[in-house]
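Sequence and predicted model, in that order:
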Amino acid sequence: MEHIVIIGNGIAGITAARHIRKLSDKRITIISAESEFFFSRTALMYVYMGHMKFEHTQPYENDFWAKNRIELVHDYVHTVETDAKKVHLNSGRDIMYDKLILATGSISNKFGWPGQDLEGVQGLVSRQDLEQLEISAPNNKVCKRAVIIGGGLIGVELAEMMASRQIPVTFLIREKGFWSGVLPMPNADMISRHVKSHHIDLKEEEEMAEIIADDFGKVKAIITKKGQTIPCDFVGLCAGVRPRISF
């Protein structure tokens, strides 16, 4: 029986698995280190905001996978040997495949900013990012101010998440208005004004130059390209994403 291995259990990997099962009787294995079961990634913000629990983000019952003969492996892929058609897992297990589907999604962009790997600096792409956010910014006592870099959809969602816990937010975007690379300026200006009306300190035409650490290796401030120092306890990296293909 042909064995199809899918790395990644996000919407792409799960959709591929479901359609392969509908059309064939092939053996299907899905590998993911992020979570045991598929969940709706776009709902992560609502978990942080208290609108739902993480288990509510799972569209399928846990027995759905066994019923549809889809094997789930909760592990991290260390290496892929394409000549041997073999996947090496962190646990030491090897899995052979006939066809391999890469559905590993993305990670937040980093552009070589000094301090970009400090504690309290992260994106919001994975379940682990959400868990780390609960450590770095659980409330406005631990996180007295957050700085968000990048004016995309994840950036504005992260700003909304912080505002839901009364954490002050400074939001840096390169453009003259929010999403002005996509929208006409009057529309971008309207969105910028709306963001500011929710007490978000939106700074247009501004970029981050450096992240400053405290004595314990945690972020304590950023410096912008215009030379302004902004004290903060959290930096959200939302300036786009890149493929997750380190393996």
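Nice, thanks for sending it over.

quick one: contacts for the residue most central in space within the chain?
For the chain, the residue whose C-alpha lies nearest the mean C-alpha position (C-alpha atoms, centre = their mean) is Val125; its distance is 0.7 Å. Listed by C-beta atoms under 8 Å, 6 or more residues apart in numbering, the contact partners of Val125 are 41, 105-108, 154, 241. All C-beta atoms are positioned from the backbone trio N, CA, C, and that covers glycine.

three-state assignment of it?
Secondary structure for Val125, judged by DSSP: H, G, I helix; E, B strand; the rest coil, is coil.

per-residue confidence for it?
Here, the pLDDT recorded for Val125 equals 93.

next one: the one 3 residues further on
The per-residue pLDDT reported for Gln128 equals 95.

what's the answer for the one 5 residues further on, then?
The model reports Leu133 with a pLDDT of 97.

what comes into contact with the helix or strand hosting it?
The secondary structure element spanning Leu133 is helix 127-136 (assigned by DSSP states H and E). Around helix 127-136, the neighbours that count as contacts under C-beta under 8 Å, 6+ apart are 34-35, 39, 44, 47-48, 54, 119-120, 122-124, 142-143, 161, 233-234.

mind listing which of those are in strands?
For the contacts of helix 127-136, membership in strands holds for 122, 234, with DSSP state E as the criterion.

Quick one: buried ones out of the contacts of helix 127-136?
For the contacts of helix 127-136, burial is judged from neighbour counts taken by 16 or more other C-beta atoms under 10 Å, and it is met by 34-35, 39, 44, 47-48, 119-120, 122-124, 143, 161, 233-234.

can you tell me which of those lies nearest to Ile200?
Met161 (11.6 Å; C-beta to C-beta).

Quick check: the gap between Tyr46 and Val169.
Between Tyr46 and Val169 the distance is 18 Å, computed by C-beta to C-beta, to the nearest Å.

The two: which is more packed in?
Per other C-beta atoms under 10 Å, whichever of Tyr46 and Val169 has more neighbours is Val169, with 24 against 17.

Just the pLDDT at that one, thanks.
pLDDT for Val169: 98.

now do Trp65
Each residue has a pLDDT score; the one for Trp65 is 97.

Give me the neighbour count for it.
20.

hang on, Arg244 packs against Leu102?
No - shown here, Arg244 and Leu102 do not form a contact pair, counting by C-beta atoms under 8 Å, at 9.1 Å.

Look up the residues that both of these two are in contact with.
Overlap between the contact sets of Arg244 and Leu102, as judged by C-beta under 8 Å, 6+ apart, is given by Gly8.

can you tell me the helix or strand for Ile4?
The secondary structure element spanning Ile4 is strand 3-7 (assigned by DSSP H and E).

That'll do, ta.
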